[in-house]
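>>> model the structure of this input:
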Amino acid sequence: MLPRRSHLVPPGARGELAAALQELRDELTLPAVFPPDVQAAAERAASAVSTDPAAAGLADLREIEFLTIDPVGSTDLDQALHLERTASGAVLHYAIADVPAYVAPDGPVDAEARRRGQTLYAPDGRIPLHPPVLSEDAASLLPGCDRRAYVWRFELDEGARPRATILVRGIVRSRAQWSYEDAQQAIEAGAAPASLAALAWFGHQRAERERERGGASLNMPETRVTAEGDGYRIEQSDGVPLEDWNAHVSLLTGMTAAEIMVRGKVGILRTMPPADPAAVAAFRAQTIALGRPWAEAVPYGDYLRSLGRGPLERAVREYAAGLFRGAGYVTFDGAVPDEIMQAAIGAPYAHTTAPLRRLVDRWSLVICEALANGREVPAWARGSLGALPDLMARSSQKASQLAAGALDRVEAALLHGREGQEFTGIVLRQAGDGARVQLHDPPVVAKIKELTAAPGTAVRLRLTSASVADGVVTLVPA
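Coordinates of the predicted model:
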């Protein structure tokens, strides 16, 4: 298991933090509840949509022993998987929540989802894309429940390359809900079910396929804020290997969805342009300065995969995160655009595995299922494609503002009352008129104005103020 750093916000700052988080929601004009007509429509759909295979006219796939893997406490379960090794490779079944079955095009739930764009996450509770009666109940792939799903079936060779793919709508039943940590422990103890145990093989093979196509996974330590009692805890963790293996299941599905839509000449892709050559040259020079040189003969992705988990490597990853920018969505109907690549992945790619939490995935699923089975794409999906990039851009901007603002306020609360104390940290990178520094303890990242120091430099700082209300932390060189 990889290290986890965790700190609880002190009691004296909790009331002020709660008020600051609510004020942040108000500033961003985030919705508090679903309008009555949206809630009513969701409740009607939850009770009216059948999960009986015969009545619904869907494939009965309940004999497949699906399982889900999510963060602890998750109830909006978009995906369930079953992975079975064979003599020549494996068969992967990947079930994605059938949200289109519950959301009538141009109905109240659809209209509200278009306004929201995606589920937003905050320390004081998430703001769901769909009413919880759908997202956390009727449409969620909860264990022991019959659920409607889009089911991808991949026949994989020994290198986890898809040789044949089928996509159908059916009824599934997940057998168990695993957290990443518990699943990783079960794998390491040799007590995991076959699907989990096989993910190690799958993840390693898909990582090798990523290397071959020139893709790169930038696995930054994740900072999470969780509610605990009447307070909040901030955690920074490098995660567990299973998270990367599981992510490759989603990546494979997204790349396959993109292939289907490109072949059918209608759809929506997640794109990203290649890194600017000047930025790549600057990054290479920075790796030399940090003592972790990126050799000319080594592909970018291979270099990132070779990095360890120390503070200098964190500084390298922080710098690398700036290489690939400009991610967006491109739609097409009839003529495929010239630029369809997602440069970091190294292939065309589509968001298609999280329809409970992201608006665009509902369109991808509907379009792919129609194309894969030789049917016309529904007119509502085809006709509304053009609106999706702007809807997703607006919601992504709001999600970024909420995440950054909430983290700033929690970090300030974590340091509240420690004014005058000194802290050690490492410079991650220069940032305008100062530097971004990662404190060792607690796991706070702060910008230190007028600090000029090379990335990787160890520094000692003194806290002069920590304003919970606006999340502004002021540290100066000690």
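
>>> let me see the mean pLDDT of the longest helix belonging to the chain.
Ranked by residue count, the top helix of the chain under DSSP state H comes out as helix 388-415. Helix 388-415 carries an average pLDDT of 95.

>>> that one packs against which elements?
helix 14-27, strand 222-228, strand 231-237, strand 328-333, helix 360-372, strand 458-467, strand 472-477 (3 or more Cβ pairs under 8 Å, 6 or more residues apart in numbering; DSSP states H and E). In this view, the C-beta of every residue, glycine as well, is placed from N, C-alpha and C.

>>> need the next SSE after the third one, C-terminal direction.
Same thing as strand 231-237. helix 241-264 (DSSP states H and E).

>>> right, so the helices and strands packed on helix 388-415: which one is the most enclosed?
helix 360-372 (a mean of 24; mean count of other Cβ atoms under 10 Å).

>>> out of the helices and strands packed on helix 388-415, flag the one nearest V316.
V316 lies closest, by Cβ to Cβ, to one member of the helices and strands packed on helix 388-415: strand 458-467, at 15.5 Å.

>>> tell me how far that closest one lies from the chain's centre.
How far strand 458-467 lies from its chain's middle: 31 Å, per Cα atoms, centre = their mean, to the nearest Å.

>>> same question, stretch 73-84
The answer for stretch 73-84 is 14 Å, by Cα atoms, centre = their mean.

>>> re earlier: now the helices and strands packed on helix 388-415 as CSV including mean pLDDT and distance to G308?
Converted to CSV, the helices and strands packed on helix 388-415 look like this (pLDDT from 0 to 100; distance: least, Cβ to Cβ, whole Å):
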stretch, mean pLDDT, distance to G308
helix 14-27, 94, 34
strand 222-228, 75, 17
strand 231-237, 76, 16
strand 328-333, 98, 33
helix 360-372, 98, 34
strand 458-467, 95, 17
strand 472-477, 94, 27
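
>>> need those in JSON lines with distance to I166, can you?
Output for the helices and strands packed on helix 388-415, formatted as JSON lines (distance: least, Cβ to Cβ, whole Å):
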{"stretch": "helix 14-27", "distance to I166": "43"}
{"stretch": "strand 222-228", "distance to I166": "34"}
{"stretch": "strand 231-237", "distance to I166": "37"}
{"stretch": "strand 328-333", "distance to I166": "24"}
{"stretch": "helix 360-372", "distance to I166": "7"}
{"stretch": "strand 458-467", "distance to I166": "54"}
{"stretch": "strand 472-477", "distance to I166": "52"}
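
>>> between the ones you listed, which one is nearest to R263?
helix 360-372 (7.4 Å).

>>> next secondary structure after the closest one?
Taking DSSP H and E, what comes next after helix 360-372 is helix 379-384.

>>> how far does that following helix sit from its chain's centre?
For helix 379-384, the distance to the chain centre is 26 Å (Cα atoms, centre = their mean).

>>> now do stretch 339-347
That offset, for stretch 339-347, works out to 17 Å (Cα atoms, centre = their mean).

>>> ok, now stretch 288-300?
28 Å.

>>> which one, of the helices and strands packed on helix 388-415, ends up nearest to A295?
Comparing the helices and strands packed on helix 388-415 under Cβ to Cβ, the one sitting nearest is strand 458-467, at 25.7 Å.

>>> return the alpha-carbon coordinates of the closest one using PDB.
Provided in PDB are the C-alpha atoms of strand 458-467 (Å, rounded to 0.1, in the frame of the first residue of the first chain):
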ATOM      1  CA  ALA A 458      14.000  22.500   0.200                       C
ATOM      2  CA  VAL A 459      12.700  25.600   2.000                       C
ATOM      3  CA  ARG A 460      11.700  26.600   5.500                       C
ATOM      4  CA  LEU A 461       8.700  28.900   5.800                       C
ATOM      5  CA  ARG A 462       6.900  30.800   8.600                       C
ATOM      6  CA  LEU A 463       3.100  31.200   8.600                       C
ATOM      7  CA  THR A 464       2.000  34.800   9.100                       C
ATOM      8  CA  SER A 465      -1.800  34.400   8.400                       C
ATOM      9  CA  ALA A 466      -4.400  31.800   7.400                       C
ATOM     10  CA  SER A 467      -7.800  33.300   6.400                       C
END
